[in-house]
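>>> here are the coordinates; sequence isn't available:
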Ligand SMILES: [Zn+2]
């Protein structure tokens with residue numbers, strides 16, 4: 001999950017992902033983010049398939065554990081292994097809150113929803129290190145792993161989305177993925193690449209316009225039917241899609257939405 005990546009910049013600037021689409025190795029969707037287009041609410045949307053009016057994570061400032069059934073819960077309940085290399089808000093939503101940076105930076109505990117976690121708490125944490133963190137976590141052979149860099153969001157806040165810096169960060173992120181994806185594909189993973197929200201030219205997000213609401217979804221793996229699908233998939237479809245991929249039951253409050261066809 002690439003924080004703060006708007007749809008049109010993903011489509012225009014990420015050439016390795018474009019190559020996978022062009023050669024029928026990936027499918028590409030336009031996804032409409034839920035509201036408000038803010039990070040913590042949309043982390044909860046993506047991981048639980050519930051809108052904020054149901055899950056109560058209505059603002060970035062709501063610092064508490066989720067009270068919903070997340071993908072991490074569903075996976076560990078069925079004996080699968082979970083991992084996350086992610087911003088510390090994910091630890092706060094699913095493992096423990098508030099985040100204690102002395103004790104919660106790295107977590108390994110099979111009784112927690114995120115069994116193996118490496119969490120960062122500086123918005124400028126380098127994406128290269130985050131992807132390396134994810135590779136370290138793969139030694140535990142997670143069935144479900146969240147990889148969550150912040151570089152696009154941070155750069156978008158600093159320079160706005162109509163900037164060489166933001167577009168350059170999209171290219172740099174694509175190059176990091178170009179190094180990781182062949183390894184993940186070889187390991188047999190089905191891979192979803194999406195964003196929580198987009199970014200506007202003011203360097204903000206939170207509202208309802210297409211610049212902050214339209215986000216990409218690239219799907220890489222043999223379960224997906226290659227193609228370009230621009231009608232606008234609901235962001236609430238991501239969690240149940242992952243349930244299908246992992247053969248998990250849906251969470252109690254997951255919304256019934258249209259899902260992409262799978263092989
Ligand atoms: Zn942001």
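Noted; the coordinates are in hand. Keep in mind that this is a model prediction, so the values were computed, not measured.
>>> what about residue 254, which SS state?
Classification of residue 254 using DSSP: H, G, I helix; E, B strand; the rest coil returns coil.
>>> what about residue 112, distance to residue 62?
Using C-beta to C-beta, to the nearest Å, residue 112 is found at 20 Å from residue 62. Backbone N, C-alpha and C define where each C-beta goes, glycine included.
>>> with residue 17 instead?
32 Å.
>>> those two: which is more packed in?
Using other C-beta atoms under 10 Å, the more surrounded residue of residue 17 and residue 62 is residue 17, with 24 against 17.
>>> figure out how far the helix or strand that contains that one is from the centre of its chain.
If you go by DSSP states H and E, residue 17 is part of helix 15-22. Distance of helix 15-22 from the chain centroid (C-alpha atoms, centre = their mean, to the nearest Å) equals 19 Å.
>>> go on, stretch 99-119?
For stretch 99-119, the distance to the chain centre is 18 Å (C-alpha atoms, centre = their mean).
>>> so residue 135 sits in a helix?
Yes: when three-state DSSP is applied, residue 135 is found to be in a helix.
>>> helices of the stretch 151-263 of the chain, start to end?
Using DSSP state H, counting those that start in this stretch, the helices assigned to the stretch 151-263 of the chain run over residues 151-159, 164-186, 210-213, 238-246.
>>> wait, which of those is closest to residue 1?
Closest approach to residue 1 among these (C-beta to C-beta): helix 238-246, 9.1 Å.
>>> buried residues in that closest one?
238, 239, 240, 241, 242, 243, 245 (16 or more other C-beta atoms under 10 Å).
>>> repeat for stretch 143-159
143-157, 159.
>>> closest to residue 120 among those residues?
Among these, and counting by C-beta to C-beta, the member closest to residue 120 is residue 150, at 7.6 Å.
>>> hang on, the closest one packs against residue 87?
Yes: using C-beta atoms under 8 Å as the test, residue 150 is close enough to residue 87 to be in contact (5.9 Å).
>>> which residues do those two both contact?
3, 120 (C-beta atoms under 8 Å, 6 or more residues apart in numbering).
>>> any chance of the helices of the stretch 151-263 of the chain in CSV, plus mean pLDDT?
Converted to CSV, these look like this (pLDDT from 0 to 100):
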stretch, mean pLDDT
helix 151-159, 98
helix 164-186, 98
helix 210-213, 98
helix 238-246, 97
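>>> include distance to residue 259 when you put the ones you listed into CSV, please.
Formatted as CSV, the helices of the stretch 151-263 of the chain follow (distance: least, C-beta to C-beta, whole Å):
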stretch, distance to residue 259
helix 151-159, 26
helix 164-186, 22
helix 210-213, 20
helix 238-246, 5
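>>> go through these and name the closest to residue 201.
That would be, of those and by C-beta to C-beta, helix 210-213, which comes in at 7.3 Å.
>>> hmm, who's touching that closest one?
Contacts of helix 210-213 (C-beta under 8 Å, 6+ apart): 6-7, 32-33, 35, 37, 161, 197-201, 204-207.
>>> swap the cut-off to 6 Å and go again
6, 32, 33, 37, 197, 198, 200, 205 (C-beta atoms under 6 Å, 6 or more residues apart in numbering).
>>> ok, and the most crowded of these?
residue 197 (30 neighbours).
>>> for that residue, phi and psi?
phi -150, psi 170 (degrees, to the nearest 10).
>>> quick one: it and residue 37 touch, right?
Yes: look at residue 197 against residue 37 with C-beta atoms under 6 Å: they come within range, at 3.9 Å.
>>> so which strand or helix has the nearest residue to residue 116 once chain neighbours are set aside?
Nearest-residue entry for residue 116: residue 83, 4.1 Å, with adjacent residues in sequence omitted and distances by C-beta to C-beta, 6 or more residues apart in numbering. Per DSSP H and E, residue 83 falls inside strand 82-87.
>>> quick one: that strand to chain centroid distance?
10 Å.
>>> which strands and helices lie in contact with that strand?
Judged by 3 or more C-beta pairs under 6 Å, 6 or more residues apart in numbering; DSSP states H and E, strand 82-87 is in contact with helix 71-77, strand 116-120, helix 127-137, strand 144-147.
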